[in-house]
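1. have a look at this fold, sequence not included:
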């Protein structure tokens, strides 16, 4: 029988204040994990922690600005002080400025590639030694439809999300022999802060729903099953994969 029980596991979820990260944190907590939510906005972090505790579940807030690279080396130790060493990392923090090519600046390019691509690797590398010591761990990155498709005003974001697919494979090649599964989820369109401009355009939203095989855009609860599967012992033989959670958008 497949094991989806996360009791005794500790998860760190970046971007835990809202959207995909917040929903994934809730799903992991409901499966039994103690969850550390990392983000910049302390009020929203506390709201997310309270939501999980009401579920009920175990959660704690870890305020940090991942855009500040100097914080990364100390995050593993800070996170471990809450529930113990991290077993599961979800890299859900991200940014998408949606700039036309002519308006992309060196600053916006660097911020996008840093948060979406560099931080997932360097943060994971800080946490991997403790996972190796246990002989078990999980890294779950967030890819995108733009990992394989080009979207208008998405050059920098698409570059970062194309890169995260290869980073995920390289992580798997390096760490899976130590019992650390490394995979990525590539969501379709879900209602989040990053997709707010899309959800403010009903015509575009309907067009995107029609592009899916299922005929609708995602709701946050659609994330639960795949998130728990990739975090749990049930996925012990799954690694180096990018799984599209998009209602069949990329199948058409």
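-> Great, that's in hand. What you are looking at is a predicted structure, and each value in this text was computed from that prediction instead of being measured. Residues are numbered from 1 along each chain as shown.

2. the nearest residue in space to residue 23 that is not next to it in sequence: neighbouring residues, count only.
-> If the residues on either side of it in the chain are set aside, residue 23 comes closest to residue 220, at 4.1 Å by Cβ to Cβ, 6 or more residues apart in numbering. No exception for glycine: its C-beta is placed from N, CA and C like everyone else's. By other Cβ atoms under 10 Å, 17 other residues sit near residue 220.

3. state the mean pLDDT of stretch 84-103.
-> Averaged across stretch 84-103, pLDDT comes to 97.

4. report the buried residues of it.
-> 85-97, 99 (16 or more other Cβ atoms under 10 Å).

5. so which of the residues you listed is the closest to residue 63?
-> Within the buried residues of stretch 84-103, the smallest distance to residue 63 is 12.8 Å, found for residue 93 (Cβ to Cβ).

6. contacting residues for residue 191?
-> 19, 199, 217-220 (Cβ atoms under 8 Å, 6 or more residues apart in numbering).

7. just to be sure, it is in a helix?
-> No: counting by DSSP: H, G, I helix; E, B strand; the rest coil, residue 191 is located in no helix; its state is coil.

8. what's next to stretch 142-160, contact-wise?
-> With contacts defined as Cβ under 8 Å, 6+ apart, stretch 142-160 is touched by 20, 90-92, 94-101, 104, 108-109, 112-113, 116-117, 161-162, 164-165, 168, 184-189, 242, 244, 246, 249-250.

9. kindly recompute the last result at 6 Å.
-> With contact meaning Cβ atoms under 6 Å, 6 or more residues apart in numbering, stretch 142-160 is reached by 92, 96, 98-101, 104, 109, 112-113, 116-117, 161-162, 164-165, 184-186, 242.

10. returning to what we had before: among the contacts of residue 191, which ones are buried?
-> The neighbour count (16+ other Cβ under 10 Å) marks 19, 217-218, 220 as buried among the contacts of residue 191.

11. ok, back up a step: among the buried residues of stretch 84-103, which lie within strands?
-> If you go by DSSP state E, these have 88-91 in strands.

12. just to revisit the earlier point, quick one: which of the buried residues of stretch 84-103 is nearest residue 48?
-> The shortest approach to residue 48 among the buried residues of stretch 84-103 belongs to residue 92, at 11.8 Å (Cβ to Cβ).

13. got the phi and psi for the nearest residue to the closest one once chain neighbours are set aside?
-> In space, and not counting its chain neighbours, residue 92 is closest to residue 21: 3.2 Å by Cβ to Cβ, 6+ apart. Backbone geometry at residue 21, expressed as degrees, to the nearest 10, gives phi -60, psi -40.
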